[in-house]
Every structure is written in structure tokens, then in C-alpha cells.
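Visitor: Output the structure for:
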Amino acid sequence: MIEARGLTKHFGEVLAVDGLSFSVRPGEVTGFLGRNGAGKTTTLRMALGLERPSAGTVTVDGRPYAELASPLRHVGALLDARAVSPGRTAAQHLLALASSNGIDRRRVSAVLESVGLASLGSRPAGTLSLGMLQRLGLAAALLGDPPTLVLDEPLNGLDPEGIIWFRGLIRAMAAEGRAILMSSHLMSEIAVTADHLLIIGEGRLLVDSGIEEFQREHEHEEVRVRTPDPEALRRVVTAAGGASRDLDATSFAVSGLDCAAVGALAMKAGVELHELTVMRRSLEDAFMELTAPRPGREAPAVAPARAGAAPPAAAGGPEGPTPLPTTVDQVRAAPFVDVLRSELVKFRTSRSQVACVAGSLVAGIGIAALAGNAMGERWGEMSRHERRSFDPTETSLKSCVLVQISLGAMGALAVTSEYGTDTITPSLAAVPDRNRLLAAKALTTAGIGLATGLATTGGSFLTGQAMLARRGVRHDTLADPASVRAVVGGGIYLTGATLLGLGVGTLTRSSAGAVTTLFGVDVIVLAVKDALPRPLPDLVKKYWPTEAGSRVLTTRPDPDLLDPWTGLGVMLGSTAAVVAGAFGAFRRRDV
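Guide: Numbering: from 1, shown residues only. Predicted coordinates for the structure are as follows:
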């Protein structure tokens with residue numbers, strides 16, 4: 001059950017939703033209508049915790065959506081059928097959502113079959129038509145077998161056969177006792193699907209009534225009468241019990257009498273007739289008239305909220321629909337490990353993130369091999385002083401400067417790719433606790449970053465040293481504690497770069513913006529530092545986070561710079577500050 005009381009939303013000076021109060025009850029399909037821009041989607045997003053109300057409340061089963069444990073088991077939502085990563089298959093998309101709420105993966109196959117997509121589960125979502133995506137979105141809404149459904153324009157893209165199928169499915173689910181809130185701008189479809197009707201215009205509630213009551217009040221026939229003597233005919237029509245309203249100077253509309261009766265009255269009264277036409281006022285006509293924008297319109301009269309009204313009877317007996325059972329699983333919060341599992345599914349099914357990891361390994365080891373080979377060619381030409389200051393470990397790990405951008409991009413994509421495809425919407429519907437969702441992303445990217453970082457630094461070190469040894473150049477081994485510290489510290493350094501990318505991506509919500517920022521932090525600032533006035537170049541070289549952190553990659557201390565662990569601490573501290581800011585912004589912002 002959904003209840004809204006005084007629900008209001010401002011976007012700056014724009015009032016999108018204005019004091020809405022309504023209820024969506026079990027066993028009913030509630031049609032939610034309004035013109036484009038009327039505030040329907042904003043209202044649904046507030047119901048799902050994606051937008052924060054400026055005033056008023058909206059609850060599901062008596063609690064705000066964000067407080068629901070395992071929300072997919074309480075509410076199934078379809079807000080945007082296109083909110084799917086095009087590279088993921090239909091089954092992978094559903095598996096990521098199911099994992100976040102501890103839903104058995106076998107449920108994925110079951111819901112795909114229920115919406116007619118059983119044979120398309122392995123197809124990339126980007127190859128599906130809009131109608132297929134609508135079915136996939138409905139499958140996602142049904143994952144947790146929820147007692148409440150929130151569907152925003154679910155008929156878009158469906159062919160006539162699909163609309164008939166959808167209508168039967170929705171009616172069957174309402175008969176099971178589910179509360180269904182379904183938005184649309186098609187009055188004709190709502191008229192044959194819904195039990196109750198909500199109509200809004202310019203953010204305000206215009207109608208809150210049963211669909212049959214609305215039809216009785218607004219769907220009727222009138223007779224258009226045109227005559228040279230309208231007053232004479234109007235008198236006899238009124239005397240016979242008809243009602244009339246003016247249309248123009250020579251015609252008026254009659255209700256309460258049919259064409260034959262009006263014609264007979266005209267003949268009896270001796271009034272000349274020029275036109276006698278049946279006019280049918282459809283529900284679409286009523287809807288357009290009710291929702292027509294009117295400058296300076298006063299607040300419309302609204303039917304009282306149905307706080308004490310009983311829902312209509314449905315399948316299940318005269319007392320009303322049989323309520324769906326509430327199991328322990330429906331109120332048990334999914335363990336945090338389930339959210340982590342969901343993020344891992346997203347990672348392994350994201351081509352861009354996997355490419356960043358693979359690119360980091362290839363670039364790191366490849367550059368180390370090239371650097372070792374180049375040093376071998378130069379070794380014979382180097383002076384004694386250059387040979388004494390030569391650091392074999394640092395030579396092999398210089399590639400980390402490039403790798404940190406790649407892993408930073410991977411961390412950023414964990415968030416920005418969801419904003420780019422709008423999959424952040426189903427993600428937050430599945431895990432409305434934003435701290436919990438971002439923490440899972442941070443732990444996942446940190447773990448992947450650490451594993452990739454250690455593999456990159458370890459592989460780069462071994463490859464680079466092998467190339468140096470092959471050329472007869474002085475080289476290091478992992479028997480040297482300083483080299484071990486550089487390899488392990490380098491892995492931590494790259495982990496920090498990954499988390500920095502996550503933080504920047506969360507703040508910018510743009511893949512291009514995040515990568516540009518990371519490139520500026522890692523490369524551009526250091527490239528132009530010498531053009532800065534003194535003593536800024538020395539301070540940048542010593543304290544700039546990525547430059548200070550890179551001290552861990554060398555085995556030879558520099559008295560003018562920070563020691564390796566202190567430099568790494570500066571970088572990790574800066575990263576922690578950015579990530580903390582990202583948590584604050586992610587928690588405060590609307591989606």
C-alpha cells in the first residue's frame with residue numbers, strides 16, 4: 001500500500017508537485033494520469049526515494065521506501081525501460097538486481113519466462129526493441145514477488161498484442177491482492193485496466209475516484225441542435241425534461257433526450273431544424289478538458305483521501321482480495337555481502353571496466369619491458385655517477401604513472417557508467433541506502449584495484465628486472481626488502497588511484513568529466529609545475545598527492561622529498577578526503 005500526504009516538490013523556483021494526497025490500495029490497479037510534465041514521474045520517483053520531497057510524506061506499507069529492508073521484496077518498480085546497460089545481457093541485468101537483495105538467481109529465469117523473454121536472456125540489452133525492454137523492466141519489477149508495483153508508462157513500445165498481454169497480467173496480479181500504481185497519459189487504456197483513477201495537472205490532484213464513477217460522470221452523449229429559432233425549441237426541450245447548453249448563436253447541446261425525442265418535439269412545436277447530430281463526450285475529452293493548462297487557475301476541488309474506504313472486492317472472496325503472505329524473507333535486510341555480490345556482477349559484465357583492468361596489466365608490464373630494454377641499450381653510454389644513482393626497481397615501476405589513470409578511470413566508471421545509462425535508478429531502487437550502495441562500490445573497486453595493482457607492479461617488476469639482467473645491467477630482486485616495499489606499496493598506490501577515480505566519478509557523474517579531472521591531477525599539473533612561481537614547483541613536487549605517493553615506487557630515498565610511506569600517506573589521505581566528499585554529495589543529491 002502506498003500513501004502520500006501533502007507531497008510537494010520544488011526544483012528551484014519550479015513547483016513540480018503541489019500538495020498531493022492519495023492512497024494506492026491492495027487489490028486495485030490505480031491509474032495515474034496527467035499530461036506530459038504534469039508531475040507523474042516526479043511523484044513516482046519520490047515514492048521510491050529517488051527524489052526527496054520538499055514537503056509532505058509518502059510511505060510504502062507505513063514506512064518510507066528508504067527504510068524498507070530488501071525493498072525489491074516490497075515494491076517492484078519500472079520507471080524507465082531503457083535504464084539498462086546495453087552491453088549486459090537481459091539475464092545479467094536481472095542477476096545484478098537480484099543479488100543486491102539476496103534473491104535466488106533461479107528467480108531470474110522464472111521472471112524472464114513470465115514476461116515472454118525466456119529465449120532472449122542471453123541477448124545484450126542494447127539489441128532489444130523498446131517493447132522487449134518494457135518486458136525486461138517488468139521482469140525486474142517482479143524479481144522479489146512484491147505486493148506493490150509502481151509502473152511508469154509501462155505500455156510505451158508495446159504492440160497491440162503486447163498491450164493485451166500486459167493488461168491481463170496486471171489484472172491477474174491485482175486479483176492476487178497486489179497494490180498497483182500505473183502511470184499513463186492514455187485515458188483509453190487506463191479506462192479498461194484500472195479500478196481507481198488519479199488525475200493530476202500542473203502538479204495538483206484533479207481527480208481521485210473510482211473508474212466507474214468517473215465514467216458515469218464524464219462519459220455521456222449529447223444532441224447538437226441547430227435552428228433559426230433556438231429559444232422556442234429550448235423551451236419545449238426543457239419542459240420535456242432535457243437540459244441544454246449553448247454552443248453558438250444558432251445551436252445548443254441537449255442532454256437527457258435522444259435525437260428522436262428532440263426531433264419529435266421540434267415537429268410538434270413547429271420549429272424548423274437545420275441540424276440534429278449525436279455528440280459523444282469520451283473520457284479522453286474529459287481528460288483533456290480537466291488537464292488543460294489555465295493561467296491563474298485556482299486550486300481544484302479534490303475528492304477526499306480514501307483513508308477509511310475499503311478496497312473493492314476482487315478475486316478471493318466477497319471480503320476482498322486474499323492478502324499476499326508476508327514471509328521472514330520479505331522483511332529481512334539483505335546482508336551487505338549481497339550488495340557486494342551485485343557490484344561484482346556489474347563489474348564482470350561491464351566491458352569498459354574490464355578493459356581498464358586488462359589495459360592496466362598490459363600497459364604496466366609492456367612499458368616495464370620497454371624501459372628495461374631501453375636501459376640496456378643506454379647502459380654502456382652512462383657515466384659512473386649515472387650508474388650509481390640508477391634505481392632498477394623504479395625503472396620497472398615507472399609505468400604506474402600511466403596505470404593509475406587507467407585504474408582511476410575504472411573506479412570512476414563504477415559510478416559514471418550507471419549515470420550514463422541511467423542504471424543508477426534501478427540500482428538505488430534496489431539499494432536505497434546510499435551509504436550502503438556507495439560503500440559496496442568502494443570496497444569492490446578497492447579490491448579489484450588492489451588485485452590489479454599488485455599484479456601490475458609484480459609483473460612489471462619481474463619483467464623489467466628480467467630485461468635488465470638479460471642486457472647485463474644491474475638489477476634488483478625480491479630478496480631486497482626495499483624492492484618488496486616498492487612492489488607492495490605500488491599496489492596500494494594504484495588502489496588509492498582507483499578510489500580517487502571512484503570519488504571523482506561520484507562528484508562529477510560524468511565519465512568524460514571524471515577522466516579529464518584525473519588526467520589533469522596526474523599529468524597536467526605536474527607538466528606545468530615548473531612554470532609556477534617559486535616555491536610552488538618544489539611544493540608541488542613534494543606534496544602533490546600523486547607525486548608524493550609515487551615516492552613509494554623507488555628504493556632510493558631523496559632528502560628533498562617525502563619518505564616513501566609518508567608520501568603514500570599523503571596520497572591516501574587526499575583520496576580519503578575526496579571519497580568522503582563523494583559520500584556526502586551522493587547522500588544529499590536527488591538522482
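Visitor: Leaving out sequence neighbours, find the closest residue to Leu500.
Guide: Spatially, and ignoring its direct neighbours in sequence, Leu500 is nearest to Thr575 (4.6 Å; Cβ to Cβ, 6 or more residues apart in numbering). Where you see a C-beta, it was placed from the backbone N, CA and C, and this is true even at glycine.
Visitor: can you check Ile163 too?
Guide: In space, Ile163 comes closest to Leu155 once its chain neighbours are excluded; the distance is 5.7 Å by Cβ to Cβ, 6+ apart.
Visitor: On the three-state scheme, the one you found is what?
Guide: Following DSSP: H, G, I helix; E, B strand; the rest coil, we place Leu155 in the coil state.
Visitor: Can you report how many residues lie near it?
Guide: Look at Leu155: counted by other Cβ atoms under 10 Å, it has 19 neighbours.
Visitor: Tell me if I'm right that it and Phe166 touch.
Guide: Yes. Using Cβ atoms under 8 Å, Leu155 is in contact with Phe166, at 6.5 Å.
Visitor: before we move on, the earlier item: can you read off the pLDDT for the residue nearest to Leu500?
Guide: Listed pLDDT for Thr575 reads 97.
Visitor: for the stretch 101-250 of the chain, which spans come out with low pLDDT?
Guide: In the prediction, the stretch 101-250 of the chain carries residues with pLDDT under 70 at positions 219.
Visitor: now the stretch 251-400 of the chain
Guide: Within the stretch 251-400 of the chain, the ranges that satisfy pLDDT under 70 run 281-282, 294-334.
Visitor: how about 90 then?
Guide: Applying pLDDT under 90 to the stretch 251-400 of the chain picks out residues 255-258, 277-335, 380, 384-386, 388-389, 399.
Visitor: And the stretch 451-591 of the chain, by the same measure?
Guide: 521-538, 540-541, 556-560, 590-591.
Visitor: ok, the residue nearest to Leu500 - contacts?
Guide: Each residue near Thr575 by Cβ atoms under 8 Å, 6 or more residues apart in numbering is listed here: 496-497, 499-500, 503, 545.
Visitor: could you flag which of those residues are buried?
Guide: 496-497, 499-500, 503, 545 (16 or more other Cβ atoms under 10 Å).
Visitor: can you tell me which of the residues you listed lies nearest to Ala47?
Guide: Nearest to Ala47 among these: Gly503, at 30.1 Å, using Cβ to Cβ.
Visitor: Go ahead and confirm that closest one touches Val579.
Guide: Yes. Counting by Cβ under 8 Å, Val579 is a contact partner of Gly503 at 4.2 Å.
Visitor: if I look at Thr495, how far off is Thr452?
Guide: Using Cβ to Cβ, to the nearest Å, one gets 9 Å for the distance from Thr495 to Thr452.
Visitor: do the same with Arg388
Guide: 34 Å.
Visitor: Look at the two and report which has more neighbours.
Guide: Ranked by neighbour count (other Cβ under 10 Å), Arg388 and Thr452 place Thr452 first, with 24 against 9.
Visitor: which non-adjacent residue is nearest the more buried one?
Guide: Spatially, and ignoring its direct neighbours in sequence, Thr452 is nearest to Val357 (5.1 Å; Cβ to Cβ, 6+ apart).
Visitor: mind giving me JSON lines with the buried ones among the contacts of Thr575 and columns for secondary structure and distance to Ser188?
Guide: Formatted as JSON lines, the buried ones among the contacts of Thr575 follow (DSSP: H, G, I helix; E, B strand; the rest coil; distance: Cβ to Cβ, whole Å):
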{"residue": "Gly496", "secondary structure": "helix", "distance to Ser188": "58"}
{"residue": "Ala497", "secondary structure": "helix", "distance to Ser188": "56"}
{"residue": "Leu499", "secondary structure": "helix", "distance to Ser188": "53"}
{"residue": "Leu500", "secondary structure": "helix", "distance to Ser188": "53"}
{"residue": "Gly503", "secondary structure": "helix", "distance to Ser188": "49"}
{"residue": "Pro545", "secondary structure": "helix", "distance to Ser188": "60"}
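Visitor: with those in mind, which one is nearest to Ala531?
Guide: Distance to Ala531 across the buried ones among the contacts of Thr575 (Cβ to Cβ) is lowest for Pro545, with 19.8 Å.
Visitor: Contacts only, for the residue nearest to Thr452.
Guide: Val357 makes contacts with 407, 410, 448, 452, as judged by Cβ under 8 Å, 6+ apart.
Visitor: try Val115
Guide: Residues in contact with Val115 (Cβ under 8 Å, 6+ apart) are 135-136, 138-139, 142.
Visitor: make it 10 Å
Guide: By Cβ atoms under 10 Å, 6 or more residues apart in numbering, the contact set of Val115 is 90, 132, 134-142, 162, 165-166, 169.
Visitor: Restricted to buried residues, select these in PyMOL.
Guide: Selecting only the buried entries of the contacts of Val115 in PyMOL, with 16+ other Cβ under 10 Å as the criterion:
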select buried, resi 90+132+134+135+136+137+138+139+140+141+142+162+166
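Visitor: No more questions from me, cheers.
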